[in-house]
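# Predicted model, plus sequence, below.
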Amino acid sequence: MTAHRNFKRQVRARAAKTGESYTSALRHFRPTPPGDVMSEARNPKSVRLAVAQTPVREDPRDVDALRESGRQVRVLMREASARGARIVHFPEGAICFPHKLVMSVDGPQAVGPADWDRCQWPVLQAELAAIAELAGELRLWTVIASVHRLTEPNRPHNSLYVISDRGEVVTRYDERLLSRTKVSYLYSPGSSPVTFDVDGVRFGCLLGIEIHYPELFAEYEKLDVDCVLLSTTGVRPGNAAAQAQGHAAANSYWVSFSVPTQHSATAPSGVIAPGGDWLERCPADGSPAVAVVDLDDGSEAAAESVTYARPWRRESRAGRYAGHQVTDPRSEDRTVAF
């Protein structure tokens, strides 16, 4: 470990002396041979991401609340744009997170099937349309959570809309692994992962309690994403934040963690580097805010994980060790002591 730390000091010293990025200095010490699995690092990718925290309101019958949510989203979109972001990411329920008791036909004291006729659909759709229009004006990719209406009698999806910098919905992610209450009473589950690219950086989307399913994060690693956008509201926030750090480190990609302001005291929204460390977080005081970071695989925060750890794991999983396995009596007999 001492040798490793000394090596990193040498790389930093060269970067400081020459003005190179950490990755450029690293290549001076470890040149990448032609055709090597790490050769993609020769063309670093970068995009500026803003992650938001907003108040989540739980009654889709409340027209004023829906409009206030839309207004707050647009305020933060403008702030993200003013700070140079190319993409902004919002939490689950950014416009409304319908409460199970508010929606229940057996409520408000008991949970039952949701009555989606209670939702003010025209107001919700008008707010989403205004958000899309502003995304086009600001040239800002916007990932916003909302309920996605299906043909009756099907229940809606719990979704993330991906709105391009031209103000167009280019794809939508529907939460797949729903909670017991969501799947029993509220929503129809989705069926597939979703990826999209902004300035050469590839994003994947997850929602709600999907933080608890490492196989979904591993699936996105196989799909070659650079960053997973996780929007959540219905889990213990401190626990979810720790899990998000673990998923980022295990898969060597960024994780954007977006939660409501109600959770900010224990787990504010923020962005996690591929090594598992927080890069930037929103305030922990309950205020609506955005945290802005550059997702740059040429940065020191990403270089080692993206350039070396991730390709090595892929090589290992592809059978790297098969040629090194041996046949030996002391290996086969597991009762041999010492």
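That came through, no problem.

# Now do the same contact list for the residue nearest to residue 200 when sequence neighbours are not counted.
Excluding its sequence neighbours, the residue lying closest to residue 200 (CB to CB, 6 or more residues apart in numbering) is residue 45, at 4.7 Å. Just so you know, the C-beta spots here come from the backbone N, C-alpha and C atoms, and that holds for glycine as well. Contacts for residue 45 (CB atoms under 8 Å, 6 or more residues apart in numbering) come out as 199-201, 226, 295-297.

# likewise residue 58?
Contacts of residue 58 by CB under 8 Å, 6+ apart are 93, 96-99, 102.

# Looks to me like it is in a strand.
No - with DSSP: H, G, I helix; E, B strand; the rest coil as the criterion, residue 58 is assigned coil and is not in a strand.

# Quickly note the distance from it to residue 99.
As for residue 58, its distance to residue 99 is 4 Å (criterion: CB to CB, to the nearest Å).

# for residue 285, same thing?
Applying CB to CB to residue 285 and residue 99 gives a distance of 24 Å.

# of these two, who's got more company?
residue 99 (19 against 10; other CB atoms under 10 Å).

# Give me the contacts around stretch 63-82.
Residues contacting stretch 63-82 (CB under 8 Å, 6+ apart): 50, 52, 54-55, 57, 59-60, 88, 90, 94-96, 120, 123-124, 126-128, 130-131, 134-135, 138-140, 142, 144, 288-290, 292.

# buried ones in it?
In terms of neighbour count (16 or more other CB atoms under 10 Å), stretch 63-82 has its buried residues at 65-67, 69-70, 72-74, 76-77, 79-81.

# and if you look at stretch 107-126?
Buried, per 16+ other CB under 10 Å, within stretch 107-126: 107, 111, 114, 116, 118-120, 123-124.

# just stretch 159-170 next, same as before
159-165, 167.

# List just the nearest of these to residue 239.
Checking these against residue 239 with CB to CB, the nearest one is residue 160 at 21.4 Å.

# Does the closest one belong to a helix, a strand or coil?
Assignment for residue 160 (three-state DSSP): strand.

# quick one, what contacts it?
143-145, 172-173, 194, 205, 207, 229, 231.

# what's downstream of the helix or strand harbouring residue 88, the next helix or strand?
When elements are assigned from DSSP states H and E, residue 88 belongs to strand 87-89. The helix or strand immediately downstream of strand 87-89 is helix 100-103, counting by DSSP H and E.

# For that next one, list the C-alpha coordinates in CSV.
Written as CSV, here are the backbone C-alpha positions of helix 100-103 (Å, rounded to 0.1, in the frame of the first residue of the first chain):
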residue,chain,number,x,y,z
LYS,A,100,-51.2,5.2,-0.8
LEU,A,101,-53.8,6.4,1.6
VAL,A,102,-54.8,9.4,-0.4
MET,A,103,-55.3,7.2,-3.4
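
# Who are the packing partners of the next helix or strand after that helix?
Next helix or strand after helix 100-103 toward the C-terminus (DSSP H and E): helix 121-138. The contact analysis (3 or more CB pairs under 8 Å, 6 or more residues apart in numbering; DSSP states H and E) places helix 121-138 against helix 63-82, strand 141-148, strand 157-163.

# List the contacts of helix 121-138.
60, 63, 66-67, 69-70, 73-74, 77-78, 81, 95-96, 140-142, 144, 146-147, 149, 161, 163-169.

# Please tell me the pLDDT value assigned to the residue nearest to residue 46 when sequence neighbours are not counted.
Using CB to CB, 6+ apart and skipping the chain neighbours, the partner closest in space to residue 46 is residue 296 (4.1 Å). Confidence at residue 296, expressed as pLDDT, is 90.

# mind listing what residue 296 touches?
Residue 296 neighbours (CB under 8 Å, 6+ apart): 44-46, 302.

# Point out where the chain drops to low pLDDT.
1-43, 234-238, 301 (pLDDT under 70).

# Would you quantify the distance from residue 169 to residue 241?
29 Å.

# cool, residue 82 as well?
From residue 82 to residue 241 the distance is 27 Å (CB to CB).

# now swap in residue 215 and tell me
20 Å.

# of those two, who's got more company?
Using other CB under 10 Å as the criterion, residue 215 and residue 241 rank with residue 241 on top: 25 against 8.

# part of a helix, is that one?
Yes - assessed by three-state DSSP, residue 241 belongs to a helix.

# Wait, it touches residue 269, no?
No - between residue 241 and residue 269 there is no contact under CB atoms under 8 Å: 9.6 Å.

# orientation of the helix or strand encompassing residue 293 relative to helix 63-82 in degrees?
Using DSSP H and E, residue 293 maps to strand 289-296. Relative orientation of strand 289-296 and helix 63-82, computed by axes from the mean of the first three to the mean of the last three CA atoms, to 10 degrees: 40 degrees.

# what lines up beside strand 289-296 in the sheet?
In the sheet, strand 289-296 lines up against strand 46-53 (antiparallel) (DSSP bridges).

# CA atoms only for the strand it pairs with - export them in PDB, please.
Provided in PDB are the C-alpha atoms of strand 46-53 (Å, rounded to 0.1, in the frame of the first residue of the first chain):
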ATOM      1  CA  SER A  46     -17.000  14.700 -19.800                       C
ATOM      2  CA  VAL A  47     -20.400  16.300 -19.100                       C
ATOM      3  CA  ARG A  48     -21.600  18.600 -16.400                       C
ATOM      4  CA  LEU A  49     -24.500  17.100 -14.300                       C
ATOM      5  CA  ALA A  50     -26.800  18.800 -11.800                       C
ATOM      6  CA  VAL A  51     -28.600  16.700  -9.300                       C
ATOM      7  CA  ALA A  52     -31.600  18.200  -7.500                       C
ATOM      8  CA  GLN A  53     -33.500  17.800  -4.300                       C
END
